[in-house]
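*Asks:* Structural data only, the sequence is not supplied:
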């Protein structure tokens, strides 16, 4: 059955756009969830929370400066602090140039830092990364092509993470950069009473206002996307699907970074329940258990030594935290029972209500 011209020329170009919007919305949800976790540890870890806020403002300010650079407005003033960032252009351009610069400010932080990390990752996984060369011409085939590229990239990405070598400088650097990205994709202003809280609704309102301010520019962007699709289809190239696949990969990287930092924040929240010296033991278990596992596998080589070392590190750390929590709970119960026994024997102090 021949393809419908309406499907090919009207609906097919929309498939990747809708897919990217879905992944971007998931990314926003994870960002909001992370901000909630940060608010739970704010009272005990203000320096860490303020650092995450600084990273978010740093990304935001850099993206705005990049917007002025791309539009050739130039940058005359650049200021950044823990609570605030500001960029002033040399030439105050109006119209589409100002609109593009503001797009870098509102939308850029969700993709540009991830793109830098993607370039780093691409250097590490390039030999194993597979890309679909299918040139699609229907809406359903477009979703399948996009999903295939997402699946193959995710498979390669997770395979790299599960076999990452923390003793390799480039691998360790990538993981630290990934955590750095996850901690500060967006500023939160946690604990800052004078600042408006930056949450998902705040971001969506800014983006909505920015897009509806110049609806003609949105129409031009959609028209350019359709033209690019028609050119790719006519030349039988996968350029259109590849472009949106890369945008989806950036969201996947950001989501994974957020998931990893979710785990770190949950560990911090649980370890906070331990006494001072027990906290140190819990945190030291991460590097010590990994180092011990690598030493063992160095003496007895094994094909999956990197993966097993990561599993050992996480397992030993979680087991140590669990044992320390149980020890604290049992110690508290024993102390309470002793106090209760002393009270019954008349040796305890009487507490007046």
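*Replies:* Arrived safely. None of the values given here were measured: they were computed from a predicted structure.
*Asks:* where do the strands sit along the stretch 151-300 of the chain?
*Replies:* With DSSP state E, counting those that start in this stretch as the definition, the stretch 151-300 of the chain shows no strands.
*Asks:* Where does pLDDT dip in it?
*Replies:* 189-203 (pLDDT under 70).
*Asks:* show me where the stretch 201-350 of the chain has helices.
*Replies:* Along the stretch 201-350 of the chain, counting by DSSP state H, counting those that start in this stretch, helices occupy 215-234, 239-271, 276-299, 305-344.
*Asks:* Contacts only, for residue 267.
*Replies:* 317, 321 (CB atoms under 8 Å, 6 or more residues apart in numbering). C-beta: built from backbone N, CA, C; applies to glycine.
*Asks:* about what we covered before: just the helices of the stretch 201-350 of the chain: most buried one?
*Replies:* helix 239-271 (a mean of 19; mean count of other CB atoms under 10 Å).
*Asks:* isn't residue 87 right up against residue 61?
*Replies:* Yes - using CB atoms under 8 Å, residue 87 is in contact with residue 61, at 5.8 Å.
*Asks:* so which of the helices of the stretch 201-350 of the chain gets nearest residue 173?
*Replies:* Evaluated with CB to CB, the helices of the stretch 201-350 of the chain place helix 239-271 nearest to residue 173, the distance being 14.2 Å.
*Asks:* Could you figure out how far that closest one is turned away from helix 276-299?
*Replies:* Relative orientation of helix 239-271 versus helix 276-299 (axes from the mean of the first three to the mean of the last three CA atoms, to 10 degrees): 130 degrees.
*Asks:* Can you give me the buried ones in stretch 125-136?
*Replies:* Neighbour counts over stretch 125-136 (16 or more other CB atoms under 10 Å) mark 129, 132, 135-136 as buried.
*Asks:* same thing with stretch 86-98?
*Replies:* Buried residues in stretch 86-98, counted by 16+ other CB under 10 Å: 87, 89, 93, 97-98.
*Asks:* One more: stretch 40-58?
*Replies:* For stretch 40-58, by 16+ other CB under 10 Å, it's 41, 45, 48-50, 52-58.
*Asks:* Pick the one among the buried residues of stretch 86-98 closest to residue 226.
*Replies:* The closest of the buried residues of stretch 86-98, once distances to residue 226 are taken by CB to CB, is residue 97, at 23.4 Å.
*Asks:* My understanding was that that closest one contacts residue 73; is that so?
*Replies:* Yes - with contacts counted by CB under 8 Å, residue 97 reaches residue 73, the gap being 6.4 Å.
*Asks:* on that earlier part again, quick check, nearest of the buried residues of stretch 86-98 to residue 105?
*Replies:* residue 87 (8.3 Å).
*Asks:* which SS state does the closest one fall under?
*Replies:* Under DSSP: H, G, I helix; E, B strand; the rest coil, the three-state class of residue 87 is strand.
*Asks:* Ok, residue 92 next?
*Replies:* coil.
*Asks:* Quick one: residues contacting it.
*Replies:* With CB under 8 Å, 6+ apart, residue 92 has these contacts: residue 73.
*Asks:* switch to 10 Å and redo it
*Replies:* Taking CB atoms under 10 Å, 6 or more residues apart in numbering, we find residue 92 in contact with 73, 76, 98.
*Asks:* which among the residues you listed gets closest to residue 170?
*Replies:* Of the contacts of residue 92, the one sitting nearest to residue 170 (CB to CB) turns out to be residue 73, at 35.8 Å.
*Asks:* Three-state assignment for the closest one, please.
*Replies:* Secondary structure, three-state DSSP: residue 73 is coil.
*Asks:* Show me where the stretch 51-200 of the chain has its helices.
*Replies:* According to DSSP H, counting those that start in this stretch, the helices that the stretch 51-200 of the chain contains are 96-106, 112-125, 139-162, 169-183, 200-213.
*Asks:* Out of the ones you listed, which gets nearest to residue 23?
*Replies:* helix 139-162 (8.0 Å).
*Asks:* Please identify the buried residues of the closest one?
*Replies:* Buried residues in helix 139-162, counting neighbours by 16+ other CB under 10 Å, are found at 139, 141-143, 145-146, 148-150, 152-154, 156-157, 160-161.
*Asks:* Redo the helices of the stretch 201-350 of the chain as CSV? Include distance to residue 119.
*Replies:* Below are those laid out as CSV (distance: least, CB to CB, whole Å):
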stretch, distance to residue 119
helix 215-234, 22
helix 239-271, 11
helix 276-299, 27
helix 305-344, 23
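*Asks:* show me the contacts for the residue lying closest to residue 161 once chain neighbours are set aside.
*Replies:* Counting by CB to CB, 6 or more residues apart in numbering, residue 161 lies nearest to residue 256, which is 7.4 Å off, once chain neighbours are set aside. By CB under 10 Å, 6+ apart, the contact set of residue 256 is 30, 114, 154, 157-158, 161, 178, 181-182.
*Asks:* Domains in this protein, by residue range?
*Replies:* The chain breaks down into these domains under automatic domain parsing: 5-271, 276-344.
*Asks:* picking that back up, just give me the closest of the buried residues of helix 139-162 to residue 241.
*Replies:* Using CB to CB, the buried residues of helix 139-162 come closest to residue 241 at residue 145, 5.0 Å.
*Asks:* measure that closest one to residue 16 for me?
*Replies:* From residue 145 over to residue 16 the distance is 8 Å, taken as CB to CB, to the nearest Å.
*Asks:* tell me, what's touching the two both at once?
*Replies:* Shared contacts of residue 145 and residue 16, counting by CB under 10 Å, 6+ apart, come down to 136, 240-242, 244-245.
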